[in-house]
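K.L.:
below are the sequence and a predicted model; questions follow.
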Number of protein chains: 2
Amino acid sequence: MNYYTISQLAQEFDISTRTIRYYEERGMIAPMRTETGQRLYTKKDRAVLKLILRGKRFGFSLEEIHEMISLFDKDRTGRKQLERTIEYGEKKLKEVSERIEDLMQLKQEMEAILEDFKQRLKELGESDEHF
Amino acid sequence: MNYYTISQLAQEFDISTRTIRYYEERGMIAPMRTETGQRLYTKKDRAVLKLILRGKRFGFSLEEIHEMISLFDKDRTGRKQLERTIEYGEKKLKEVSERIEDLMQLKQEMEAILEDFKQRLKELGESDEHF
DNA sequence: ATTGACTTTTACGTAAACGTAAATTAAAAT
DNA sequence: ATTTTAATTTACGTTTACGTAAAAGTCAAT
């Protein structure tokens, strides 16, 4: 397994190194260090970063994202733990589903408006052709 | 047609009056005023507010939302205007579609993880039954 | 070995999106 | 008429999510 440096990840995801360090500050990533203190990121760290950025695109706060990550990340061995994780997961899943519904409605509305605009444009075109 | 006061809208959408005034500060809503200066919101204003809040849930910035609103709001009479509006609209529509795709992928991943957790819980249950 | 690019920590700065408080005025309720 | 509740403007405060700069150490390349 090979590692990524912080600037490699920063470049790949088009974010600043500061941003990555900030996520670490918040306890969302925990890369290993070399003897001299340089951060080394594994594939798993990279995946977590990806998750964070995706969450952000959806408008989740870093706090919410943190919650989700830590839930799905840890070993949930005990029955109670498992049950709670499942419950939380289903709640979050529902939220996501609702957002999808919401977005699809928005999409439809935008499509309708666009159709209307296009119709208007077409009519403009026709009236032009008569002159 | 009847009007809403600022606190009525605030209550309905579970936001503060400050928030609504802030949107006005940014030029996103422009309610009429009574002689004494009280804001009165029409159904249309209410619809705009709804749009803003929905946009926020999707993670759009107020600036982006403002752009969208002003585009779809104004009378776009000229051909050039119409064409530009349609172009912009299609761009935004594409963004929305991408977000939907993205969210659906997230949903699937969450479902898979949840299934896994549920399976584990089930196995725990079975092993219990033998003792 | 030294230059230059990269990394580290520390720390102050900032934009967005409001929160909160104060002072004042208006509307609604008793 | 007078409380109570709601509204207004002005203005400073706060949180989130980083940006930016400084000082110092480290890595990579010539």
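P.N.:
Perfect, thanks for sending it.
K.L.:
helices or strands up against the lengthiest helix in chain A?
P.N.:
As assigned by DSSP state H, the longest helix anywhere in chain A is helix A:79-129. Helices and strands touching helix A:79-129, as assessed by 3 or more Cβ pairs under 8 Å, 6 or more residues apart in numbering or on different chains; DSSP states H and E, comprise helix A:62-73, helix B:43-57, helix B:79-129. Where C-beta positions appear, they are placed from N, C-alpha and C, glycine not excepted.
K.L.:
and that helix, average pLDDT?
P.N.:
Helix A:79-129 shows a mean pLDDT of 84.
K.L.:
between helix B:62-73 and it, find me the angle.
P.N.:
Here helix A:79-129 runs at an angle of 40 degrees relative to helix B:62-73 (axes from the mean of the first three to the mean of the last three Cα atoms, to 10 degrees).
K.L.:
and helix A:79-129 with helix B:43-57, angle?
P.N.:
Orientation check (the same axes, to 10 degrees): helix A:79-129 against helix B:43-57 gives 130 degrees.
K.L.:
check the offset of helix A:79-129 from the chain's centre.
P.N.:
17 Å (Cα atoms, centre = their mean, to the nearest Å).
K.L.:
would you mind putting the helices and strands packed on helix A:79-129 into a markdown table with mean neighbour count alongside?
P.N.:
A markdown table is the format used below for these (neighbours: other Cβ atoms under 10 Å in any protein chain shown):
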| stretch | mean neighbour count |
| --- | --- |
| helix A:62-73 | 15 |
| helix B:43-57 | 17 |
| helix B:79-129 | 14 |
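K.L.:
for DNA strand D, find the nearest of these.
P.N.:
Closest of these to DNA strand D is helix A:62-73, at 3.3 Å (criterion: Cβ to the nearest atom of the strand).
K.L.:
mind giving me the packing neighbours of that closest one?
P.N.:
helix A:43-57, helix A:79-129.
K.L.:
contacting residues for the most centrally placed residue in chain A?
P.N.:
Central residue of chain A (Cα atoms, centre = their mean): A:Arg54, 1.4 Å from the mean position. By Cβ atoms under 8 Å, 6 or more residues apart in numbering or on different chains, A:Arg54 lies in contact with B:102, B:106.
K.L.:
which residues of chain A lie near DNA strand C?
P.N.:
By Cβ under 7 Å from any atom of the strand, the residues of chain A that approach DNA strand C are A:5-8, A:17-18, A:21, A:37-39.
K.L.:
residues of chain A that sit close to DNA strand D?
P.N.:
A:15-16, A:18-19, A:22, A:34-38, A:56, A:61-63.
K.L.:
and those residues, which is closest to A:Glu111?
P.N.:
A:Lys56 (26.3 Å; Cβ to Cβ).
K.L.:
quick check, the closest one in contact with B:Gly59.
P.N.:
Yes: the pair A:Lys56 / B:Gly59 is scored as a contact, 7.3 Å apart, by Cβ atoms under 8 Å.
K.L.:
looking at the residues of chain A next to DNA strand C, which has the most residues close by?
P.N.:
A:Arg39 (20 neighbours; other Cβ atoms under 10 Å in any protein chain shown).
K.L.:
what's the distance between that one and chain B?
P.N.:
Applying Cβ to the nearest Cβ, to the nearest Å, the value for A:Arg39 to chain B is 26 Å.
K.L.:
so who does that residue touch?
P.N.:
Counted by Cβ under 8 Å, 6+ apart, A:Arg39 has contacts A:5-6, A:24, A:31-33.
K.L.:
ditto for A:Leu114
P.N.:
B:86, B:89-90, B:93 are the contacts of A:Leu114 under Cβ under 8 Å, 6+ apart.
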